[in-house]
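Student: Have a look at this prediction, sequence included:
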Amino acid sequence: MSNNSANSSSLVMAQRSVKQLRLEASVRRIKVSQAAADLKSFCLQNAHKDPLLMGVPSSDNPFRPPKSCSLF
Amino acid sequence: MGEMEQLRKEAESLKDQITAARKAVADATLPDTVSSTAVVGRVQLKTRKTLRGHLAKIYAMHWATDAKLCVSASQDGKLIVWDTLTTNKVNAIPLKSSWVMTCAYAPSGNMVACGGLDNMCSIYNLKGKDGNVKVMRELAAHTGYLSCCRFLSDSEIITSSGDCTCLLWDIETGTQKTTFAGHLGDCMSLAVPGDFKTFVSGACDFTAKLWDIRDSNCTHTFSGHESDVNAIAFFPNGNAVITGSDDATCKLFDLRSDQELITYQDSSIMCGVTSIAPSLSGRLILAGYDDFNVNIWDSLKAERVGVLAGHDNRVSCIGVSTDGMACCTGSWDSFLPSFSFKGQDNVMRLCKQNKQQYL
C-alpha cells in the first residue's frame, strides 16, 4: 500500500517537474549582446543621479550634521 | 515504471534544451561589452548616523519609500521605526514572538510587517486612529519559518518561508491567495520590482526563481550558485537580479536572456553573503558578508571598489534608500552572555557619500 502511494507521489512530482521544465524551455530569450548593452547604458545614463556613486555636496546632504544653528 | 522512466528522459531532454537555448543567445559576454568602460574610482562612504536602541541581534531592515524612515527588526522582540535624519525612534513595537527574521515597510508608509520562527507574518498598522500601533493581521499558513516579506500594496503582501514556498496574501481577509511552489529548499529571500507584476526568490536549493504573480508560474530558474542563495535584489532597471550566496559569491542573472552574466568574487573572500543591495543606477552593488564587512562592487566591471568596515559584528542586513542617498546596514552581535545588554554593538549605521571625501 505505502509503496504504491510513494510511487504515485513520485509520479506526480515527476509530472510536475516535466511541466515546469516545458514552461521554462518555452520562454523567449534575447541576445546577451543586447542584454549586456542595455545594462551598461542604464548604468552610464543614470550614473549622474546616483548619490552613492557621485557623492553630493555637503549642503545637499540631508544626513550631514549642520555646521551651525542660529536662533533669532 | 515505464512512465517514470519516460518522464525522467523527458526532463533530461528539456534541461538540455534549456542549456542549448541559453547558449544560442550567448553571442557576447558582459566583460567584453564593458571592456572599454573604466572601473569606477574607489568608493568611500562615511558613517553619518548610528541608530542605537536595539538590545539584541538586528536581523533585518527595510527603507520606507520616503527615503527618510526605515524599520528594523531585532531578536530583542522589537520592531523599531526610525527617522533616519534625526535618529529618533518613531515607533518601538513590541512583538509577540521575539524570533523575528524579517521586516518590511509598505510602499504607502501605512504599515509594517514582520515574521520569523513563529511561521507567521504579522502586519502592524502605523496609522491607527488612537496613535497606538497594533497588530492588524496575523497571516498564518506557512509550515516553516518566515524568511522574508514584501508588500505589494496595503492589501497584498508576499512572504517566503523555510517550508520552501512563497505565498501571496490578501491582507484584508488574512488569507492566502496564491502559492508559489517549486523550490526544493528553504526560501531565504525575495524581491519585488517596480511594476509589482513579478517577484524573485532565492533558496537553499542554490537557485533563484522568477515568478509571475498573477498566474503563479515560475518562468525562470537560475542555477550556478554552489550553495544557499541568502540574498536577492532586482537590478534597478528591472531586467536583472543580483544574488548573494553562502558560496561567497554574488551573481548577476539577466532575465531577458535567461542566464548568468557575471559573478562577483575574489579569492580572498571565503565567507557567505548575507545581504545585497544595488545603488540607484545599479553601478554599485553593496553586499554584506559573514566576515563583518560590506564589499562594494562595480557591477559592470566585477571589481571590488570599496569596503564598509566599521561594524564589529556580522552584517545581517543592508538597504539602499529609494532616492539612493544612503545605505543602511544592521549588524548581528556575536552572542556573549555577559555583554548581551551592552547595546552599542547592536547598531545600524547610515553611510552617506561625502563629495569631498570621495575625491
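Tutor: On my side now, so go ahead.

Student: max-length helix in chain A?
Tutor: If you go by DSSP state H, chain A has its longest helix at helix A:2-25.

Student: Alpha carbons only: can I get it in CSV?
Tutor: What follows is helix A:2-25, C-alpha atoms only, in CSV (Å, rounded to 0.1, in the frame of the first residue of the first chain):
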residue,chain,number,x,y,z
SER,A,2,2.6,2.5,1.1
ASN,A,3,4.8,1.5,-1.8
ASN,A,4,2.0,2.3,-4.2
SER,A,5,1.3,5.8,-2.7
ALA,A,6,5.0,6.5,-2.7
ASN,A,7,5.2,5.6,-6.4
SER,A,8,2.2,7.7,-7.3
SER,A,9,3.5,10.7,-5.4
SER,A,10,6.9,10.4,-7.2
LEU,A,11,5.0,10.1,-10.4
VAL,A,12,3.0,13.3,-9.6
MET,A,13,6.3,15.1,-8.8
ALA,A,14,7.9,13.9,-12.0
GLN,A,15,5.0,15.1,-14.0
ARG,A,16,5.1,18.5,-12.3
SER,A,17,8.8,18.7,-12.9
VAL,A,18,8.4,18.0,-16.6
LYS,A,19,5.5,20.5,-16.9
GLN,A,20,7.7,23.2,-15.2
LEU,A,21,10.7,22.4,-17.4
ARG,A,22,8.4,22.7,-20.5
LEU,A,23,7.3,26.1,-19.4
GLU,A,24,10.9,27.3,-18.7
ALA,A,25,12.1,25.9,-22.0
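
Student: what's it packed up against?
Tutor: Judged by 3 or more C-beta pairs under 8 Å, 6 or more residues apart in numbering or on different chains; DSSP states H and E, helix A:2-25 is in contact with helix B:2-24, strand B:218-222. All C-beta atoms are positioned from the backbone trio N, CA, C, and that covers glycine.

Student: Now do the last one and helix B:2-24, the angle between them.
Tutor: Between the axis of strand B:218-222 and that of helix B:2-24 there is an angle of 70 degrees, by axes from the mean of the first three to the mean of the last three C-alpha atoms, to 10 degrees.

Student: Just the buried positions in the longest helix of chain A, please.
Tutor: Residues A:14, A:17-18, A:20-21, A:24-25 are the ones in helix A:2-25 that count as buried (16 or more other C-beta atoms under 10 Å in any protein chain shown).

Student: now swap in stretch B:256-270 and tell me
Tutor: Using 16+ other C-beta under 10 Å as the test for burial, stretch B:256-270 gives B:256-262, B:264, B:269.

Student: Any chance of CSV for the residues you listed, columns pLDDT, secondary structure and distance to chain A?
Tutor: Compiled in CSV, these are given as follows (pLDDT from 0 to 100; DSSP: H, G, I helix; E, B strand; the rest coil; distance: C-beta to the nearest C-beta, whole Å):
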residue, pLDDT, secondary structure, distance to chain A
B:Arg256, 98, coil, 5
B:Ser257, 98, coil, 4
B:Asp258, 98, coil, 5
B:Gln259, 98, strand, 7
B:Glu260, 98, strand, 10
B:Leu261, 98, strand, 6
B:Ile262, 98, strand, 9
B:Tyr264, 98, strand, 14
B:Ile269, 95, coil, 21
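
Student: Distance to B:Trp99 added to the residues you listed, as TSV?
Tutor: Below are these laid out as TSV (distance: C-beta to C-beta, whole Å):
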residue	distance to B:Trp99
B:Arg256	39
B:Ser257	40
B:Asp258	37
B:Gln259	37
B:Glu260	34
B:Leu261	37
B:Ile262	36
B:Tyr264	31
B:Ile269	30
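
Student: Which pair in those has the greatest spatial separation?
Tutor: Using C-beta to C-beta, the pair of the buried residues of stretch B:256-270 lying farthest apart is B:Arg256 and B:Ile269, separated by 29.0 Å.

Student: where does the chain dip in pLDDT?
Tutor: No chain was given, so I picked chain A. A:1-3, A:56-72 (pLDDT under 70).

Student: actually chain B
Tutor: Looking at chain B by pLDDT under 70, you get B:1, B:309-314, B:332-359.

Student: which residues of it fall in helices?
Tutor: With DSSP H as the criterion, chain B has helices at B:2-24, B:30-33, B:355-358.

Student: Ranking those helices by mean neighbour count, which comes first?
Tutor: Of the helices of chain B, the one with the most neighbours on average (mean count of other C-beta atoms under 10 Å in any protein chain shown) is helix B:30-33, at a mean of 17.

Student: Run through the neighbouring helices and strands of that helix.
Tutor: Partner elements for helix B:30-33 (3+ C-beta pairs under 8 Å, 6+ apart): helix A:32-46, strand B:259-264.

Student: Is it possible to get TSV of the helices and strands packed on helix A:2-25 that adds distance to B:Lys78?
Tutor: TSV is the format used below for these (distance: least, C-beta to C-beta, whole Å):
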stretch	distance to B:Lys78
helix B:2-24	46
strand B:218-222	35
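
Student: Do me a favour and get the end-to-end distance for stretch B:106-116?
Tutor: For stretch B:106-116, the first-to-last residue distance is 18 Å (C-alpha to C-alpha, to the nearest Å).

Student: residues in contact with that stretch?
Tutor: The list of residues contacting stretch B:106-116 from outside it, by C-beta atoms under 8 Å, 6 or more residues apart in numbering or on different chains, reads B:59-60, B:64-66, B:69, B:71, B:73, B:79, B:81, B:93, B:95, B:97, B:99-105, B:121-127, B:136, B:139, B:145-146, B:149, B:151, B:153-154, B:157, B:159.

Student: List buried members of those by neighbour count.
Tutor: Neighbour-count burial (16+ other C-beta under 10 Å) applied to the contacts of stretch B:106-116 gives B:59-60, B:64, B:69, B:71, B:73, B:79, B:81, B:93, B:95, B:100-105, B:121-126, B:136, B:139, B:145-146, B:149, B:151, B:154, B:157, B:159.
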